[in-house]
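Participant: need a structure here:
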Amino acid sequence: MATAIPSIACLGVIGRNNNPLHISIFTSYDPATNSFVPVRTALQFSLLLSSTLDVFELRARHNAAGGVGLSGDFGLLHAVDERLAAYGFETNTGTKFVVIVDMRGRRIDGNAVMAAGEKRAAAAAGAVGLREGEMKPVFKAMQNAYIKLLQNPFFDPDEHSPPSGRGGRRITSRKFEGDMRRIGESWTPGVTNL
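Facilitator: Residues are numbered from 1 along each chain as shown. You can find the predicted model right below:
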């Protein structure tokens, strides 16, 4: 018997001028073909990431009106459909991290030995959504990878997020891409450290 648990379908980093800096797309389990394929195309994920910018802006305005800080964990931004959900985090410099989770993306074989996080996720497979803190380790790991990138003396952040607001270059660091790949592939619900 196989159980499907949530997995990361896409990780996105959006610059302070709302320009896309990085997109990583991951495969998800497709029970119809019994294979792993991306749930959406790269263009569709790019549009989903762009659609989260409105939610970031609305919540930032709401938080500013209420006297709450403008940065931090925004939690669930929106449910895309019955399968995908977008979660967001904004740094104090305005860089946004977006995680699109596929609620049925990873297959777990009932006979296989499962890690503790996978056991909890399989037990809660009937539940809708994720618990409050499930994305915090992902955002922390993404922020750490981004900070490591910024510490590289050959990386110029202004080149990737120009003040003109007309966009910039995407992040092309192999180390950063590897960190994003590791984060997306190793996360399961219940994981506390990536």
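Participant: so Thr52 sits right up against Gly75, yeah?
Facilitator: No - with contact defined as Cβ atoms under 8 Å, Thr52 does not reach Gly75; the gap is 11.9 Å. The C-beta positions use only the backbone N, C-alpha and C, and glycine is treated the same way.
Participant: between these two, which contacts overlap?
Facilitator: Gly88 (Cβ atoms under 8 Å, 6 or more residues apart in numbering).
Participant: output the longest helix belonging to this structure.
Facilitator: Using DSSP state H, we find that the single longest helix of the chain is helix 42-65.
Participant: wait, Leu130 sits on Val101?
Facilitator: Yes - using Cβ under 8 Å, Leu130 is in contact with Val101, at 6.8 Å.
Participant: can you tell me which helix or strand of the protein has the lowest average pLDDT?
Facilitator: In the chain, no helix or strand scores lower on mean pLDDT, DSSP states H and E than helix 116-123, which sits at a mean of 49.
Participant: helix or strand right after that one?
Facilitator: Where DSSP states H and E defines the elements, the next helix or strand beyond helix 116-123 is helix 136-150.
Participant: more neighbours: Thr52 and Gly75, which one.
Facilitator: Thr52 (21 against 14; other Cβ atoms under 10 Å).
Participant: which of the helices or strands spans the residue nearest to the spatial centre of the chain?
Facilitator: By Cα atoms, centre = their mean, the chain has its centre lying nearest to Val99, at 1.6 Å. Val99 belongs to strand 96-109 when assigned by DSSP H and E.
Participant: neighbouring strands of that strand in the sheet, and parallel or not?
Facilitator: Strand 96-109 pairs in its sheet with strand 2-14 (antiparallel), strand 84-90 (antiparallel), by DSSP bridges.
Participant: tell me the angle of it relative to helix 42-65?
Facilitator: 120 degrees (axes from the mean of the first three to the mean of the last three Cα atoms, to 10 degrees).
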